[in-house]
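>>> Here's a sequence, model it:
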Amino acid sequence: MTALCAKQLADLLLHSKNNTEALSYYQQALKMMKKLGVDGHKESIMTLKNCGVCHRRQGNLEETKNQLEKAERVAERELDEHHMWKVMVKTEQALLYEEEEKKDQMEVAMKKGLQMCYTLGQTVEQLRNKYRIRKCLNRHPQLFPKELYPH
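As a prediction, the model looks like this:
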């Protein structure tokens, strides 16, 4: 199985809420990428981000943080200044910060992610984690007024 096949199978499992199996395939994909020397390339960004999502769903917030930070480092190095993958990583980090009750870090990360999203001519509606983002924005209307952060 190739790294791409493992990642795509993991994506399918993640979206059907089979986190344990999805995590296993994401880890296999990352291991293959590392063996091939492409673990720091842009192709690894969404695999790292989704691996972090699996860890979050299993309650492993420290590993979630590690995976999202790796994804962010690769994205900053490999992608254009504004890119939807960066938006996805940044908003996922913001949601993690909220879960960890780190309100200041959550605000900075969410605002950065959303501003990038809007700069790209996109909306929250295009994001897979849109429901969680909306809930976060609605819990903090003083930080994210709807006229500045439409959702």
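>>> What residues sit buried inside stretch 98-114?
98, 106-107, 109-114 (16 or more other Cβ atoms under 10 Å). For every residue, glycine as well, the C-beta is placed using N, CA and C.
>>> starting at the chain centroid, how far to it?
Centroid separation for stretch 98-114 versus its chain: 13 Å, with Cα atoms, centre = their mean, to the nearest Å.
>>> Geometric centre of the chain: which residue is closest?
By Cα atoms, centre = their mean, the chain has its centre lying nearest to Val89, at 3.3 Å.
>>> Not counting sequence-adjacent ones, nearest residue to that residue?
Of all residues not flanking Val89 in the chain, Ala71 sits nearest, at 4.8 Å (Cβ to Cβ, 6 or more residues apart in numbering).
>>> Does the one you found touch Lys49 like I think?
Yes. Under the criterion of Cβ atoms under 8 Å, Ala71 makes contact with Lys49 at 4.5 Å.
>>> and Val87, helix, strand or coil?
helix (DSSP: H, G, I helix; E, B strand; the rest coil).
>>> Number of residues surrounding it?
24 (other Cβ atoms under 10 Å).
>>> how about the helices of this structure, start to end?
Per DSSP state H, the chain carries helices over the ranges 3-15, 19-36, 45-57, 61-78, 84-99, 103-119, 130-139.
>>> Using TSV, please lay out the ones you listed together with distance to Pro145 and mean pLDDT.
Shown next, in TSV, are those (distance: least, Cβ to Cβ, whole Å; pLDDT from 0 to 100):
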stretch	distance to Pro145	mean pLDDT
helix 3-15	32	93
helix 19-36	34	95
helix 45-57	27	97
helix 61-78	26	98
helix 84-99	16	98
helix 103-119	12	98
helix 130-139	9	97
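>>> I'd like these as a markdown table, with distance to His151 appended.
Shown next, in a markdown table, are the helices of the chain (distance: least, Cβ to Cβ, whole Å):
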| stretch | distance to His151 |
| --- | --- |
| helix 3-15 | 21 |
| helix 19-36 | 26 |
| helix 45-57 | 20 |
| helix 61-78 | 21 |
| helix 84-99 | 11 |
| helix 103-119 | 8 |
| helix 130-139 | 5 |
